[in-house]
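Undergrad: show me how the following folds:
(2 chains)
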Amino acid sequence: MNVRVGTDDVRGQLRNPMKYARGLGSAQSGVRHWWLQRLTAVALAPLSLWFLWLCAGLVHADYAAVRAAIAEPVHAVLLVALVVSLFWHGALGLQVVIEDYVHTRWQEITLQILVRFGAFLAAVACLFAIVRIALH
Amino acid sequence: MSPIARPISPHLEIYRWRVNMWQSVLHRLTGLFLCLGALLLAWGLIAVATGADAWGIFSAFCASGLGFVLQIGWSWALLFHLCNGIQHLFRDTGMGYDAAQRDHSHTPSYFATGWIVIAASLVLTALVWITLFARASGGAA
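TA: Below you'll find the model as predicted:
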């Protein structure tokens, strides 16, 4: 008998071929969420401190000064990096909070969709605003 | 026969509250709060892109009592989430979990570092606002 899963011959292994037939088990993406959360966290550590410093410098600034500060190329690029990693990190965190506390299936799915769509829309709106400020 | 209402895992109430439990709860709460802060950032950026009138509404909110309290809250939430997050990254490497830290004859260092994280977040928040007020009063004089 020749039992193959992909390129692996599963004869003689301790795993029962039924495991492969049912297709349950690892989806091979277990650490993706964990890793992306850490990756965005590492990005956000310096970016958020830089953002605090940027805000502190603009506390009593007027409209033209704020606009000019955001339009500065280095600031615009760092703001784009901040917005992407911030909303990504936030969406990953909210996803876990919903998984942990919302146990009614339709409410959980609805909230997960709202969080993903909301984070994406807010991030895109921020990026559009930064580009518009920088290019005008 | 109705099922017996036995306590179910993880029955957290049996544990004494230690600093790392506060850190865990605060990390989640500050994370949720910072998500609202992210929306304020979005509002600010959109307001600047829209024009001076929209910016006026945004900056009036930031200068209001509510806006001021929220900004102090967000600055602490950010600095706590940052300090605690950095500790999380170090602990992800296994740091602080070696055999000596599991010796019950003394208090493990992760309680001490937990208090340091909380203290650091409060000190840094105070420093940020003292600097801002010092600059504001210096500018007015």
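Undergrad: near chain A, which residues of chain B show up?
TA: Contacts of chain B with chain A, taken as CB under 8 Å from any CB of the partner chain, map to B:28, B:31-32, B:34-35, B:38-39, B:41-42, B:45-46, B:48-49, B:52, B:55-56, B:75, B:78, B:82, B:85-86, B:88-89, B:92, B:128, B:131-132, B:135-136, B:139. All C-beta atoms are positioned from the backbone trio N, CA, C, and that covers glycine.
Undergrad: is there proximity between the top helix by length along chain A and chain B?
TA: Ranked by residue count and defined by DSSP state H, the top helix of chain A is helix A:105-135. Yes. Interface with chain B: helix A:105-135 contributes A:Ala122, A:Ala125, A:Cys126, A:Phe128, A:Ala129, A:Ile130, A:Arg132, A:Ile133 (CB under 8 Å from any CB).
Undergrad: okay, the first one: pLDDT?
TA: Confidence per residue is given as pLDDT, and for A:Ala122 that number is 98.
Undergrad: just the buried members of the residues of chain B next to chain A?
TA: Burial by neighbour count, 16 or more other CB atoms under 10 Å in any protein chain shown: within those this picks out B:28, B:31, B:34-35, B:38, B:41-42, B:45-46, B:48-49, B:55, B:75, B:78, B:82, B:85, B:88, B:128, B:132.
Undergrad: in chain B, what spans have low per-residue confidence?
TA: Applying pLDDT under 70 to chain B flags residues B:1, B:139-141.
Undergrad: repeat the analysis, applying 50 as the threshold.
TA: Where chain B drops to pLDDT under 50, the residues are B:140-141.
Undergrad: please enumerate the helices of it.
TA: Secondary structure of chain B (DSSP H): helices at B:19-50, B:52-63, B:65-92, B:109-140.
Undergrad: any idea which of these gets closest to A:Arg38?
TA: helix B:65-92 (6.7 Å; CB to CB).
Undergrad: wait, what's in contact with the residue of chain A found nearest chain B?
TA: In chain A, the residue found nearest to chain B is A:Ala129; the distance is 3.8 Å by CB to the nearest CB. Each residue near A:Ala129 by CB atoms under 8 Å, 6 or more residues apart in numbering or on different chains is listed here: B:Ala42, B:Leu45, B:Ile46, B:Val48, B:Ala49.
Undergrad: hmm, 6 Å instead?
TA: Residues counted as contacts of A:Ala129 (CB atoms under 6 Å, 6 or more residues apart in numbering or on different chains) are B:Leu45, B:Ile46, B:Ala49.
Undergrad: contacts only, for the second one.
TA: Right, B:Ile46. Neighbour list for B:Ile46: A:Ala125, A:Ala129 [criterion: CB under 6 Å, 6+ apart].
Undergrad: name the helix or strand for the residue most central in space within chain A, please.
TA: By CA atoms, centre = their mean, chain A has its centre lying nearest to A:Trp88, at 2.4 Å. Using DSSP states H and E, A:Trp88 sits within helix A:73-101.
Undergrad: which strands and helices sit next to that helix?
TA: helix A:32-57, helix A:105-135, helix B:19-50 (3 or more CB pairs under 6 Å, 6 or more residues apart in numbering or on different chains; DSSP states H and E).
Undergrad: pLDDT wise, what is A:Val5 at?
TA: A:Val5 is given a pLDDT of 61.
Undergrad: A:Pro46 too?
TA: Among the per-residue scores, A:Pro46 shows a pLDDT of 97.
Undergrad: quick one: neighbours of it, just the number.
TA: When neighbours are counted by other CB atoms under 10 Å in any protein chain shown, A:Pro46 registers 13.
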